[in-house]
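Student: predicted structure and sequence below. I'll ask about it afterward.
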Amino acid sequence: MTIFPTRQRVAGASHTALITVALLSLALPGPAIANTTATQVQAADSAAVEQRNKAIVEAAFEKWRGGTYVFAELLAPDVVWTIHGSGPVAGTYRNQKDFVEQASLPLTSRLATPIMPQVHDIFADGDTVIIRFDGTATTTSGAPYRNQFVWILKMKDGLVVNAEAFLDLVAYQQVVDNNAPRSQ
């Protein structure tokens, strides 16, 4: 019978200790509370980065739709741009100048009108923005150019530092092969 009073005393002491620890945890931030707060701050920061990056890309595409060339202000000078697929233009370009001269200009120089983007979806996750859009234009021979694009854009400090592009490379190559460049 001596066990029962001892258990009662230990149980009572444990109950008092638990209440004390609970009250102290409310008054003093401990590791668990600090970790929760840090996680909440990181989540808020990540959401702010996502919204900022998405807004930058949305604004650039709106300017593009209005006829403004946006790539000089959207792409970092040392952007790494990869065009997936097979064909002469597929590959990785190591800076903005290389991308424009080797991948963009062969197409755009054979278009009588600028490519008009029609955005279907924009998704943001951390520093990555994914945009799915259609592009239409008229070639120098008067034929229509239509393509579908998905770009995965990795952003840093408001600029695209890495891009992956998916598009119909056959449609791209047909324009390059069958249309004369505009006279400069």
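Tutor: Nice, thanks for sending it over.

Student: I'd say Leu74 and Leu159 touch.
Tutor: Yes: Leu74 is within contact range of Leu159, at 6.9 Å (criterion: Cβ atoms under 8 Å). For the C-beta atoms, the positions are set from N, CA and C on the backbone; glycine is no exception.

Student: who has more neighbours, these two?
Tutor: A count of neighbours by other Cβ atoms under 10 Å puts Leu74 above the other of Leu74 and Leu159, at 22 against 18.

Student: gap between that one and Asn53?
Tutor: In this view, Leu74 and Asn53 are 11 Å apart by Cβ to Cβ, to the nearest Å.

Student: now the residue most central in space within the chain, what's its secondary structure?
Tutor: Centroid-nearest residue in the chain, with Cα atoms, centre = their mean: Val129, separated by 1.7 Å. Val129 carries the three-state label strand when classified by DSSP: H, G, I helix; E, B strand; the rest coil.

Student: again, but for Trp64
Tutor: helix.

Student: can you count the residues close to it?
Tutor: So Trp64, with other Cβ under 10 Å, has 20 neighbours.

Student: now Asp121
Tutor: 9.

Student: secondary structure element for it, which one?
Tutor: strand 116-125 (DSSP states H and E).

Student: excluding covalently adjacent residues, which one is nearest to His120?
Tutor: Arg132 (4.8 Å; Cβ to Cβ, 6 or more residues apart in numbering).

Student: identify the residues contacting that neighbour.
Tutor: By Cβ atoms under 8 Å, 6 or more residues apart in numbering, Arg132 lies in contact with Val119, His120, Asp121, Ile122, Gln148, Phe149, Val150.

Student: try Ala72
Tutor: Gln96.

Student: please compute how far the helix or strand in which it is found lies from its chain's middle.
Tutor: For Ala72, the element it lies in under DSSP H and E is helix 71-74. Taking Cα atoms, centre = their mean, to the nearest Å, one finds helix 71-74 lying 15 Å from the centre of the chain it belongs to.

Student: what's the helix or strand following it in contact with?
Tutor: For helix 71-74, the following helix or strand on the C-terminal side (DSSP H and E) is strand 75-83. Here strand 75-83 makes contact (Cβ under 8 Å, 6+ apart) with 89-97, 99, 103, 156, 159-165, 167, 169.
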